[in-house]
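Peer 1: Sequence first, then the predicted structure, then my questions.
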Amino acid sequence: MAHGDGISKDMFYQISLQQQGGLRRPTTAPKCLEGTGIKAPTMSRTAHTTAYTTQREQKYIPGLTQAPPSSASLPPTLATQTQGITQQPAKSTPKKVPKALIDAFLSGKKNPVSAIMEYSSMVRYTTTFHETSVDHPSIVDRFANYCEIEGIGKFPQGTGKTKKEAKTNAAKIAFTALLGVEEDDVEDEKESGKVLFDSHGRKIVMKSNVNEPSRPAVQEEDTNDEYIPGAHGQSTSIAALSKNPVSVLHEYCQSRKKPFTIEIEDIPGQSGFSATVHIDGMRVASAAAPNKKDAKREAADVAVSILLAYDKPEEVKEELGHYDKMAALSHSCLHKHLMAVPEHYAGRKILATFIIKRTPNDDGEVVAMGTGNTCITGDRLSMDGRTLNDCHAEVIARRSLLRYLLKELKMFYEGSIVHSIFEEKEGTTKLGLKEHISFHLYISKAPCGDAALFSPRQENPLSDADLELMNSGAHYPTFQHDTQGNLRTKIELGAENEDGEGTIPVDKSRPYIQTWDGIMHGERLRTMSCSDKLLRWNVLGLQGALLSHFVSPVYVSSISIGSLYDHGHLTRAICCRLPDELTHQVPPNSGFYLSHPHVGRVTHYDPSRDVEKSNTLSINWSHEDDKVEVVDARIGKSTPRSPFRTSASGASRLCKMGFYHRFKELAKLAKRYKLLDAKNYYEAKMMNKDYQTTKRILFSVIENTGYVGKSCLGDELSWDEMFWYEMSWDELSWDEMSWDEMSWDELSWDELLGDELSWDELS
């Protein structure tokens, strides 16, 4: 048989199965090869390489030896044995991996090598292990091994005192990466007792039943050229957002050359297994959980939160530029408030904050914060204004900012004029920000949609030219393709989109109309991308239609990005895709204009971990809030375990009903009684003529630029029309409302639902 007609590796194993009854690689020559001059297999000196040798010359044996450059013949006996099986497929359909296998691996009950090989067999991966030299030689770790999966590539090496231990660690590293978890998520009975990380970042595991380890297992932490905050001059808090808490604690202490230990009790107490963190000999935090893994992680959670909350930013302020300061303040604020909800630390998060600066030299203060990257599912939409439709970080942070602005307006109208950020302005009945007060937005990742879509995934260190451009405030937008600048909508969380991330362009060729019936029957919910919302805020302001009754437009002065930053794409997305002539088209003396804020990114960034899943929870906080609120973005309401809950209904403090209550009370304080004539939330917004006129002009300009079709921006019906307006102080306590309380006699069916929903109003 000619070489071109040779059988595959799998066919050879089928033959081996017939001869020996198994699919393992044969350790002796198969019977079908007897008499051909081929000896038993021998192990080469390279890692795990099996070869057959002949008395005269090596012949090509599929699956065992490398094919010769020229055509070669297979042994006649082997050719005979292949007849009748040549039509069988090389690989069968992948099997469903049982959850029990994953659980057994994560719980430490199943050997990592056995687990990954069993997993690979089910999903039809070809998995091999290779011995190699140790990347970071140490006294104890003398052997190294790495796992390679065909079609995926090589994984970082595992090391150990023996070859078996090195192979086990290599399998653990590879399988944790495949599952999208981290090594600290896997139970390890060896870590019962005390786990010490020395000042060099090496890991020493000591059994609890001995005082001094005779041969401590020192493991060099696998860096893989991974970014280490302290080693590169970046505040740890900037990089910690997407890390496992144990990894964050490790990097924090390693950057400061401080050893730390995590002691885990062998015997569970009343609250479960207990874990305690000591840093440089000082007890910092402890936690208990049902299993050792969770106890270790939660103890690290608490320790990290404490360390970062009290990690004084002023120590490095002189070394940080504006954008790094905004990032450091933002992440410090997040970690401080995560102390109340350490269980929500896990999972990749997008963070957005608004920072106020009261003077040009002020370092700033975070006044609004939001995390999240998921929208509500269509079947969870409600008509009572109690759900949050969009829980992306930028949107949640902006709604938290509205609560802060409402508090400041309330303070002004109650007489605390000196302490409020607002003051009266000449020539207008509206209040304005006091001199030198400015707001700055920080986002840990470029906003979804037009800004993030075209940004390069591989970011390079900032050059002097980049820094000069960021400091100058000049905008040089990028226009390279017709698709750049188009409006986009977010992808709804669902079966086809597991994590709810990503955007799709608005179809300009056909009507873009959604109906309530369509959404309720499974049509995908369309929500405006964050890039498009930022574009809108840079024209209409951050304050929205309701607060525009009381204040002049409030614009963001700068936008700081953590990752996926590209100057040209970001400036195009948030402002420069609109012509500056728009400023001259808005109503005179209205205060509206097209704003071009300063933009830039942090000097050092932490590459995102693609293997770590984001979660569907969203956290919000506003200045002077005692507790954070945790919202399940899929349903748009707070979780049962949220530190702050309005009531058993779970309505968020950021929902439209809550804002309408506050608006009506503010109208009374300001003696703007005509505003109380509005029959509902929608009418209250429509009463602001300047705002609505500017909004229509904005939509017209977007339509004329060709970024979206006319039907996408129509005003068929706003979500605001769906929300009830008869709301008493009793309802402000967030008790469940009955249908009678919703004033059916004063609200027509047309006002309630309508027939069509527009793209803008669904935002």
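Peer 2: Good, I have the coordinates. Keep in mind the model is a prediction, meaning the values are calculated, not measured.

Peer 1: What's the mean pLDDT across the lengthiest helix in the chain?
Peer 2: Criterion DSSP state H: the longest helix present in the chain is helix 393-413. Over the span of helix 393-413, the pLDDT mean works out to 97.

Peer 1: Check which helices and strands it sits against.
Peer 2: Where contact means 3 or more Cβ pairs under 8 Å, 6 or more residues apart in numbering; DSSP states H and E, helix 393-413 is packed against strand 351-357, strand 365-371, strand 422-424, strand 438-443, helix 530-540, helix 544-547, strand 617-622, helix 656-669. Yep, even glycine has a C-beta here, placed from its N, CA and C like the rest.

Peer 1: Go through the last one and flag the buried ones.
Peer 2: Translated: helix 656-669. 656-664, 666-667 (16 or more other Cβ atoms under 10 Å).

Peer 1: Repeat that for the second one.
Peer 2: When neighbours are counted by 16+ other Cβ under 10 Å, the buried residues of strand 365-371 are found to be 366-371.

Peer 1: try the first one
Peer 2: Buried residues in strand 351-357, counted by 16+ other Cβ under 10 Å: 351-357.

Peer 1: and what of the third one?
Peer 2: In terms of neighbour count (16+ other Cβ under 10 Å), strand 422-424 has its buried residues at Phe422.

Peer 1: State the next helix or strand along the chain beyond it.
Peer 2: Using DSSP states H and E, the helix or strand that follows strand 422-424 towards the C-terminus is strand 431-433.

Peer 1: same thing with the longest one?
Peer 2: Moving toward the C-terminus from helix 656-669, the first helix or strand encountered (DSSP H and E) is helix 681-686.

Peer 1: about what we covered before: same list (the buried residues of strand 365-371) but as CSV, adding distance to Ser107 and pLDDT.
Peer 2: Shown next, in CSV, are the buried residues of strand 365-371 (distance: Cβ to Cβ, whole Å; pLDDT from 0 to 100):
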residue, distance to Ser107, pLDDT
Val366, 39, 95
Val367, 44, 97
Ala368, 41, 98
Met369, 35, 97
Gly370, 35, 96
Thr371, 30, 93
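
Peer 1: Would you format these as CSV with distance to Lys296 included?
Peer 2: Converted to CSV, these look like this (distance: Cβ to Cβ, whole Å):
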residue, distance to Lys296
Val366, 30
Val367, 35
Ala368, 33
Met369, 28
Gly370, 29
Thr371, 24
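
Peer 1: how about the helices and strands packed on helix 393-413 in JSON lines, adding distance to His331?
Peer 2: Below are the helices and strands packed on helix 393-413 laid out as JSON lines (distance: least, Cβ to Cβ, whole Å):
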{"stretch": "strand 351-357", "distance to His331": "7"}
{"stretch": "strand 365-371", "distance to His331": "10"}
{"stretch": "strand 422-424", "distance to His331": "29"}
{"stretch": "strand 438-443", "distance to His331": "9"}
{"stretch": "helix 530-540", "distance to His331": "19"}
{"stretch": "helix 544-547", "distance to His331": "27"}
{"stretch": "strand 617-622", "distance to His331": "13"}
{"stretch": "helix 656-669", "distance to His331": "28"}
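
Peer 1: measure Val97 to Thr705 for me?
Peer 2: Distance of Val97 to Thr705, computed by Cβ to Cβ, to the nearest Å: 49 Å.

Peer 1: Find the residue ranges of the stretch 101-250 of the chain scoring beneath the pLDDT cut-off.
Peer 2: Along the stretch 101-250 of the chain, the model assigns pLDDT under 70 to residues 138-140, 180-244.

Peer 1: Would you map the strands across it?
Peer 2: 127-132, 143-149, 153-154, 158-160, 193-197, 203-206, 217-219 (DSSP state E, counting those that start in this stretch).

Peer 1: So which other helices or strands are in contact with the fourth one?
Peer 2: Based on contacts counted as 3+ Cβ pairs under 8 Å, 6+ apart, the elements that strand 158-160 packs against are strand 143-149, helix 163-179.

Peer 1: for the ones you listed, which one sits closest to Leu469?
Peer 2: Leu469 sits nearest to helix 163-179 of all the helices and strands packed on strand 158-160, at 37.2 Å, using Cβ to Cβ.

Peer 1: Which elements pack onto the closest one?
Peer 2: Helix 163-179 sits against helix 99-106, helix 112-123, strand 127-132, strand 143-149, strand 158-160, with contacts defined as 3+ Cβ pairs under 8 Å, 6+ apart.

Peer 1: Now do the same contact list for Thr650.
Peer 2: Quick fix: residue 650 reads Gly, not Thr. The neighbours of Gly650, taking Cβ atoms under 8 Å, 6 or more residues apart in numbering as the test, are 635, 637-640.

Peer 1: Return the member of those nearest to Leu401.
Peer 2: Closest to Leu401, out of all of the contacts of Gly650 and judged by Cβ to Cβ, is Ser638, at 19.0 Å.
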